[in-house]
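**Student:** 3D, please:
(chains A and B)
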Amino acid sequence: MGGILLALAAAIGVYVSGFPGMPGQRYGAALFPGMIAAGLAVCGALLLARGLREKTPPFEFASWTREGSLAANFALVCGALLFYILASETLGFMVTGTLLLLALFLKLGVRLSVSVAVAPIAALVIHLLFYKLLKVPLPWGILTFMAGW
Amino acid sequence: MAEIATAFGLVFQPYVLSVILMSAAFGLIVGAIPGLTATMATALLVPVTFFMPPVPAIASIVTATAMAIFSGDIPGALMRIPGTPASAAYTDESYAMTRKGHAETVLGADLVFSVIGGLFGTTVLVLSAPSLAEIALKFSSFEYFWLVLLGLSSAVMITVGDSLKGMVSLLLGLLISSIGLDNPAAYPRFTFGSIELLGSVGLIPMMIGMFAVSEILRYAVAQQGEARSFKKQIGNVFKGMWGLFKRYPLQTLRGSILGTAIGALPGAGADIAAWMSYAMSKKFSKEPEKFGTGHIEGIVESGAANNSALAGSWIPALVFGIPGDSITAIVIGVLYIKGMNPGPTIFINNPANIYAVFIVFFLANLLMIPFGWAAIKAAKRILDIPRNILMPIILLFCVVGSFAINNSLFAVTVILVFGLGGYFMEENGYPVAPAILGMILGTMLEEHFISSMIKSDGRLMGFFERPIAAGLGVLTLIIWLWPLLVWLWRAGGRSAPRK
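**Tutor:** Purely as a prediction, here's the structure:
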């Protein structure tokens, strides 16, 4: 962790040194991030020193990473968000939302019949709340033909 | 006076009142469900309040958080699982009382002393904020620079176990705040050619990520057994409360004062207030041996403390724009969106709105009595809501909520990144609060720092030439040097010859 911070600090240092100064002023855009980088470097060095002194392993994996099902839960939550980012424009909110909920419900052990019933209803309620009440332009996607209803 | 009348007019409208009632129910349910926190309630409310006028928007947050902090006590007493982190300090104690058959007394005390603490904190807020604002009007960039630095330092040094990790968290937050065009030189930093990053990372999606998505991740990897359900019917919770109040007046007052003070301290909120005041209650109690076996004294004191902290944290938020806890950190974002920029001038430009906020605070705490009673009665139902259905729906809500802020999918990427970031930070002992403060105060800190440097022409002594600035500066330096002093003192004590 300390090593990563040191590397990050160095990268920021190099990056901000390319910033132009404010005309007529001595203190420009580079000063503040430069100070942050210096601070990160100090903390990184201290963490590194502490890690070496206490001989702790650089990374400890939480116990869930060894349990397949829980690790899969974790991946699924992240995957669900990625899926939404990639698919919502084309599929539309209601389809994407329903699929997202369905996948998570089933993985978390909700009964199939309940999942199939709740997922589309929940997506519809959220859609109505934000689209109708709050006027958020959620994408319709493949259901565009319904937009006029 | 006219402003106060206007303020009453702003609050007592059917629309605002119905928003308050709905937020009260929402806050109670969120608080009572373990794994959903008061901060998460706020983060989830923001996209909805985004479309409201300022007063109902703020009212909904005030009401929901006050209710959530109280109702977090309910599962603590009934199932030994705190509903929010603010109840964790006395969960064991409350559960011990329930097992002894005193569930009514615990829940009643939770409710009544939450209300008392909340009202006390609100009174302090109302009395102190305007006069502090008058002082703050005279502040220049030097004073603000020190004040912000003082707030950030206290967040790192006082409230966090491992100050080195707190420091790293703070610096990362400051780094994120420097992304984008929003800096004194208006030069695009760390944007890597991305248009979205020019406007810096949105505060609200970051908060939704760090407080809601990270909680969902934590739920997803927890070894679950579904919560045990609770069968017992609960009787009259108000019985014996007057007796408790007469027996522990000092404890109630002490908890409320400590809570308000901790709340006002940047970076520390209701949960730390509860821990500290529980510890204090035990230390000063006449019967410390009873603590932990189902003794009401500590519950009275820390139950009052966590609710008063909620109001206390608004003092620096409104007067200086420095959040007192993670909830007001979100509130400050909302205030900016609503054009009620926090700072001393808010009391001059927007007095009616501020008085309206004060009125809502009182109203929310008074409403807690009937609503809290109803929540206790409905506790079994709330606790039976299956969380494996709730959590995915909340995730979808987070997605839509962050999208709604400026209708861009970039915000969804932000909640994913910050959700993961927040989760891994907490897992590895890096506190999240300093990072949040850094993100919010970074811009302010840099602005005041650069303009102070320009004014004093680069002389650091210029930062100590005005009396208040000098005082704040010295205080900040003391906080920074404190660990060193303690270390030196200990080292000196060890090497001294022993008799």
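
**Student:** residue of the stretch 1-150 of chain B closest to chain A, please.
**Tutor:** At 4.8 Å from chain A, residue B:51 is the closest residue in the stretch 1-150 of chain B, using CB to the nearest CB. Just so you know, the C-beta spots here come from the backbone N, C-alpha and C atoms, and that holds for glycine as well.

**Student:** which residues sit in contact with the residue lying closest to residue B:480 once chain neighbours are set aside?
**Tutor:** Nearest non-adjacent residue to residue B:480, counting by CB to CB, 6 or more residues apart in numbering or on different chains: residue B:153, 6.2 Å away. Applying CB atoms under 8 Å, 6 or more residues apart in numbering or on different chains to residue B:153 gives the contacts B:476, B:479, B:480.

**Student:** next SSE after the helix or strand of chain B with the lowest mean pLDDT?
**Tutor:** In chain B, no helix or strand scores lower on mean pLDDT, DSSP states H and E than helix B:195-198, which sits at a mean of 62. Where DSSP states H and E defines the elements, the next helix or strand beyond helix B:195-198 is helix B:203-207.

**Student:** so does whatever helix or strand comes next after that next one get close to chain A?
**Tutor:** Using DSSP H and E, the helix or strand that directly follows helix B:203-207 along the chain is helix B:214-221. Yes. Helix B:214-221 is in contact with chain A by CB under 8 Å from any CB of the partner chain, via B:216, B:217, B:220, B:221.

**Student:** most neighbours among these, which one?
**Tutor:** Scoring those on neighbours with other CB atoms under 10 Å in any protein chain shown, the highest-scoring entry is residue B:220 at 26 neighbours.

**Student:** check whether that residue really touches residue A:74, as I assumed.
**Tutor:** Yes. Look at residue B:220 against residue A:74 with CB atoms under 8 Å: they come within range, at 5.5 Å.

**Student:** about what we covered before: for the contacts of residue B:153, which one is nearest chain A?
**Tutor:** Closest to chain A out of those is residue B:480 (12.3 Å), distances taken as CB to the nearest CB.

**Student:** give me the helices and strands touching the strand or helix carrying that closest one, please.
**Tutor:** Using DSSP H and E, residue B:480 maps to helix B:467-495. The contact analysis (3 or more CB pairs under 8 Å, 6 or more residues apart in numbering or on different chains; DSSP states H and E) places helix B:467-495 against helix B:141-157.

**Student:** ok so, going back, quick one, what contacts the closest residue to the residue of the stretch 1-150 of chain B closest to chain A other than its chain neighbours?
**Tutor:** Leaving aside its sequence neighbours, residue B:51 sits nearest to residue A:134 (CB to CB, 6+ apart; 4.8 Å). Contacts for residue A:134 (CB under 8 Å, 6+ apart) come out as B:47, B:48, B:50, B:51, B:404.

**Student:** do residue A:36 as well
**Tutor:** Neighbouring residues of residue A:36 by CB under 8 Å, 6+ apart: A:12, B:171, B:174, B:175, B:178.

**Student:** so where does residue B:20 fall, helix or strand?
**Tutor:** Using DSSP H and E, residue B:20 sits within helix B:14-32.

**Student:** so after that helix, what's the next helix or strand?
**Tutor:** helix B:38-49.

**Student:** distance from that following helix to the middle of the chain?
**Tutor:** How far helix B:38-49 lies from its chain's middle: 13 Å, per CA atoms, centre = their mean, to the nearest Å.

**Student:** is residue B:238 part of a helix or strand, or is it coil?
**Tutor:** Reduced to three states with DSSP: H, G, I helix; E, B strand; the rest coil, the structure at residue B:238 is coil.

**Student:** count the residues that sit near the closest residue to residue B:140 other than its chain neighbours.
**Tutor:** Spatially, and ignoring its direct neighbours in sequence, residue B:140 is nearest to residue B:466 (6.8 Å; CB to CB, 6+ apart). Other residues within reach of residue B:466, judged by other CB under 10 Å, total 17.

**Student:** which ones are touching residue B:466?
**Tutor:** Residue B:466 neighbours (CB under 8 Å, 6+ apart): B:140, B:142, B:143.

**Student:** so where is the stretch 351-499 of chain B shaky, pLDDT-wise?
**Tutor:** Filtered on pLDDT under 70, the stretch 351-499 of chain B yields the residue ranges B:458, B:491-499.

**Student:** which parts of it sit against chain A?
**Tutor:** Residues of the stretch 351-499 of chain B found near chain A (CB under 8 Å from any CB) are B:386, B:388-389, B:391-393, B:395-397, B:399-400, B:403-404, B:407, B:409, B:412-413, B:415-416, B:419-420, B:427-428, B:446, B:449-450, B:453-454, B:458.
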